[in-house]
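Asker: predicted coordinates and the sequence they were generated for:
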Amino acid sequence: MEAKIKKEFKERFGIEGTMYASAGRINLIGEHTDYNGGFVFPGAIDKVIMAEIAANGTDKVRVYSIDIKEYAEFGLNEEDAPTQSWARYIFGVCREILKRGGKVKGFDAVFAGNVPLGAGLSSSAALESCFAFALNDMFNDNSIDKFELAKIGQSTEHNYCGVNCGIMDQFASVFGKKGNLMRLDCRSLEHEYYPFNPEGYKLVLLDSKVKHELKDSPYNKRRQSCERVAARLGIETLRDATMEDLDKIKSDITAEDYMRARYVIGEKDRVLAVCDALVKGDYETVGKKMYETHEGLSKDYEVSCEELDYLNDIAKECGVTGSRIMGGGFGGCTINLVKDELYDNFIATAKAKFNEKYGHEPVVIDVVISDGAHKCE
Ligand code: GLA
């Protein structure tokens, strides 16, 4: 990928720039908790977006996407927003840096990636944090701190891409550290690194290839449900709610909002239980909680789909320790914690059964927990 980017950059712009990369993420547990002020447990992975970038001395950004095979050129003022959705991520990052008083000047860029799109691995956060990191390095002497870089990516989603997301993806993409998952408290932003090397187990993703687009999916509606319930309880976020609190107002809210909140309150506690279990090396409990999360996401939060529920059922049948839908939902992949000795059978069975039912195999994505945004040496 790096060689391809270099070749393209040289051909287009005739010079050499600096190479930057940032990563997609997995999330062990803690789904749809970030915008509820709760905990998440993500890690950056070895699937990246990589970009070569050089200042061009103008006030224009000229950028080429190798994977989409499209070129975009835009200015840095609010009215200069490009029409291509991929370019809006980069434009948004520039604008959000400028809005915070940071500097961005014209630059040339070529980028490519191997984060599967629409699989729930946060390719968009990888793109945002790659450019946020690079522009901070190139034009701001790295004076913007890492949390602000993550927030720049998140605000880009809110203000330029129509997704009212939480902070998890951008946080993971910026803060990711090789071999470590991170427990992030999305309210205080306190975080802790957890070395993750479950001996005797493999972590594998199965991509259903059902595509989701959070912008047009009911993601924002889920968030609104949670905010309505929190407002009714007189609290800022569901982080502060208990099941008893929720039951007290059950008759004042819709059945749907009740289900959404029930999931979130349960998930908040599951993340903490998983952290305790991980410290003890108790992967059986980790796996059990993952299945509970899937159940909640499927039945109460209703962000799963038939294909993902089927993959989850297959995992259960194959004795997989833990399995659940990962990311925003409405398609994408499941994350599975599998004992080494069950791995081959699980993969073969999942491929065969899924293919029989849906006419194609799920794509197996092995992940290695890796570093987040960085300059490539
Ligand atoms: C998407 C969002 C995140 C988070 C997850 C669900 O990935 O971008 O902020 O809400 O969904 O956990």
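Answerer: Structure's in. What do you need? Residues are numbered from 1 along each chain as shown.

Asker: going forward, measure contacts and count neighbours with C-alpha atoms only.
Answerer: Will do.

Asker: quick one: is stretch 150-165 near the ligand?
Answerer: Yes - applying CA under 6 Å from any ligand atom, one finds stretch 150-165 in contact with the ligand at Cys165.

Asker: can you list the domains in this protein?
Answerer: Structural domains annotated on the chain: 2-197+371-375, 201-367, as defined by automatic domain parsing.

Asker: most neighbours per residue, which of those domains?
Answerer: Of these, the one with the most neighbours on average (mean count of other CA atoms under 10 Å) is domain 2-197+371-375, at a mean of 21.

Asker: tell me if I'm right that Lys146 and Phe175 touch.
Answerer: Yes - shown here, Lys146 and Phe175 form a contact pair, counting by CA atoms under 8 Å, at 7.4 Å.

Asker: hey, where'd the helices end up in the stretch 201-350 of the chain?
Answerer: Under the criterion DSSP state H, counting those that start in this stretch, helices of the stretch 201-350 of the chain are mapped to 219-233, 243-248, 255-279, 283-295, 306-317, 340-358.

Asker: which one of those helices lies closest to Lys202?
Answerer: Set against Lys202 and scored by CA to CA, those come closest in helix 340-358, at 6.0 Å.

Asker: now do the very next helix or strand once past the closest one: everything it contacts.
Answerer: As assigned by DSSP states H and E, the chain's next helix or strand after helix 340-358 is strand 363-366. Strand 363-366 has contacts (CA atoms under 8 Å, 6 or more residues apart in numbering) with 203-209, 347.

Asker: picking up where we left off before, got JSON lines for the domains of the chain, with mean pLDDT too?
Answerer: Output for the domains of the chain, formatted as JSON lines (pLDDT from 0 to 100):
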{"stretch": "domain 2-197+371-375", "mean pLDDT": "96"}
{"stretch": "domain 201-367", "mean pLDDT": "95"}
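
Asker: circling back: got the helices of the stretch 201-350 of the chain as a markdown table, with distance to Ala109 columns?
Answerer: What follows is those, written out as a markdown table (distance: least, CA to CA, whole Å):
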| stretch | distance to Ala109 |
| --- | --- |
| helix 219-233 | 31 |
| helix 243-248 | 50 |
| helix 255-279 | 39 |
| helix 283-295 | 40 |
| helix 306-317 | 37 |
| helix 340-358 | 39 |
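
Asker: do you know which of the ones you listed lies nearest Thr156?
Answerer: Closest among the helices of the stretch 201-350 of the chain, using CA to CA: helix 219-233, at 15.2 Å.

Asker: tabulate the CA atom coordinates of that closest one in PDB.
Answerer: What follows is helix 219-233 as a C-alpha-only set of coordinates in PDB (Å, rounded to 0.1, in the frame of the first residue of the first chain):
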ATOM      1  CA  TYR A 219     -28.300   5.300  14.600                       C
ATOM      2  CA  ASN A 220     -29.200   8.900  15.400                       C
ATOM      3  CA  LYS A 221     -32.700   7.700  16.400                       C
ATOM      4  CA  ARG A 222     -31.200   5.300  19.000                       C
ATOM      5  CA  ARG A 223     -29.300   8.200  20.500                       C
ATOM      6  CA  GLN A 224     -32.500  10.300  20.600                       C
ATOM      7  CA  SER A 225     -34.300   7.600  22.500                       C
ATOM      8  CA  CYS A 226     -31.600   7.500  25.100                       C
ATOM      9  CA  GLU A 227     -31.600  11.300  25.400                       C
ATOM     10  CA  ARG A 228     -35.400  11.300  25.900                       C
ATOM     11  CA  VAL A 229     -35.200   8.800  28.700                       C
ATOM     12  CA  ALA A 230     -32.300  10.600  30.400                       C
ATOM     13  CA  ALA A 231     -34.300  13.900  30.200                       C
ATOM     14  CA  ARG A 232     -37.300  12.200  31.700                       C
ATOM     15  CA  LEU A 233     -35.200  10.900  34.500                       C
END
